[in-house]
Each structure stands twice: as C-alpha cells, then as structure tokens.
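1. Here you go, sequence then predicted model.
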Amino acid sequence: MNHKELTKHYAEWIDNLILEYADRHRVSWQPIDSYIQCNGHFITFSFDRYAISRRKSASNESSTTSLSPEFFNVDCVYKRVCRSLLGRRYFKKRDLQPLMIAAADVNGTRYNPRPDSIENVHVHSFWLLSAGQAHALKTELERAKLDRDMDFRDIHSERATGLTQTSNEPSRLASYMTKFVGTNAIDMRLADDLLIYPFRIVDRRSHTE
C-alpha cells in the first residue's frame, strides 16, 4: 500500500468517526450534516519552537507523559474544555465528552506529502461538540493562548467546512488533516501523528492492517 492509498484510508476512517459521533449525539429530527455544520470546529495549533525544545529537554530528564510536546499541549486544552463542560470528574462521563481528532503536519506537505525536512510541526484538529458548548471551547482556547505554561505560538479556530463525502472519495477536511499522517505511517519521522478523544491514542497497526 502506497502513501496515497494509506492517507485515503485514514481520511475515510476519520470521516466515519465524525459521522458516528454526530449520529449518536444529534436529536432525532436533525440531519447529521446539519449537526456537524452547526457544531464542528477546525482548529490549528502552532507552537513556539523554543518552548517546545525546552519541554522536550525537560521530558527527557523526567518523563511524565508518553505524548510528544505538541500533542501534550493539545491534550491539556482538550481536558480543560472537558472540565469546563462536564466538571472535574469529566473522565467519568466519557460519552458526553466532545470528539476531538488531531493530526500532526509539517511545512511543505500541501505540495509534497514527504518533505525533505521536518520543520514547524503543527497540529490540525477537528472538534465536534454538542449544541450550546461552543462558548466553552472559545473561552478555553483564549486562555490557552495567554497561558505561559503552554507552548502555543498561535491557535487558529474556524467553523469546519469541507466535510462533504462522495461515494469514492473522503471529505476534503479529512484528506487535508491526514496528508502527512499517511506518509509518516510508511516512513515514520514523527513518533506521534494522530490523537483522538474520547478514544485512546491510535495504535496505527490496528487500523492499517
């Protein structure tokens, strides 16, 4: 399987996760597409490279997480959003947690899925919340931007578009998010490239075999 085929499989899998989550959480009369358009958010996290380097050095000396520094920051934001929405014991309310799919990307993949160098690691993410929860997400994103204990250079949030699928192709949004992940699965240059909540970190082997 080449990287194009693998990227397509990842994108189709992500589309299915989104559709399944939307179908479980929408009200019966609301079309799935409408639910996703009303409650979906596309968020890109970019990072301060010096802060990331410091965090890498600290984690090498005393590791407290198995996540890469970039995903560690995204993980923290997700947990803050869950705490804001569901309280301190949000982890007991798994089915009420928002869906968050985050995929690593690097410079140059728009034109070349396997760039010569790994530069400017950033994270594209899709969030699907329940109706009325967008304010909590916006508030926590603004807090994260200002938090000196976090490593963000910028957080860009917009309404999610490009989620229409065809019978033969995955959605444009899922394809965009996974354009580096498919290549990295074949020639791994980043240890972490995909994070999904409320599910566990993806074990790549279980989804590509």
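-> Received it, and whenever you're ready, just let me know what you need. Here the structure is a predicted model, which means the values were calculated and not measured. Residues are numbered from 1 along each chain as shown.
2. going forward, measure contacts between C-alpha atoms and count neighbours the same way
-> OK.
3. can you pull the contacts of P31?
-> If a contact means CA atoms under 8 Å, 6 or more residues apart in numbering, then P31 has no contacts.
4. and the gap between it and A131?
-> Using CA to CA, to the nearest Å, we find P31 at a distance of 14 Å from A131.
5. for this structure, what spans make up the strands?
-> Remark: strands assigned in the chain by DSSP state E are 40-47, 99-105, 122-128, 152-159, 194-197.
6. Nearest residue to the spatially most central residue of the chain in space, ignoring adjacent ones along the chain?
-> In the chain, the C-alpha closest to the average C-alpha coordinate belongs to A102, at a distance of 1.2 Å (CA atoms, centre = their mean). Among residues not flanking A102 along the chain, S125 sits closest, at 4.1 Å (CA to CA, 6 or more residues apart in numbering).
7. Tell me what angle the lengthiest helix in the chain forms with strand 99-105.
-> Among the segments of the chain that qualify as a helix by DSSP state H, the longest is helix 3-25. Angle of helix 3-25 versus strand 99-105, following axes from the mean of the first three to the mean of the last three CA atoms, to 10 degrees, is 160 degrees.
8. Name the residues of helix 3-25 that are buried.
-> By neighbour count on 16 or more other CA atoms under 10 Å, the buried set for helix 3-25 is 3, 6-12, 14-15, 18, 21-23, 25.
9. what residues are up against the residue nearest to the centre of the chain?
-> Counting by CA under 8 Å, 6+ apart, A102 makes contact with V123, H124, S125, F126, M177, L194, L195, I196.
10. Quick one: find the helix or strand in the chain with the lowest mean pLDDT.
-> helix 204-208 (a mean of 37; mean pLDDT, DSSP states H and E).
11. so where is the chain shaky, pLDDT-wise?
-> 59-65, 199-209 (pLDDT under 70).
12. again, only using 90
-> Counting by pLDDT under 90, the chain contains low-confidence ranges at 1-6, 54-67, 91, 95, 108-119, 131-132, 160-169, 182-192, 199-209.
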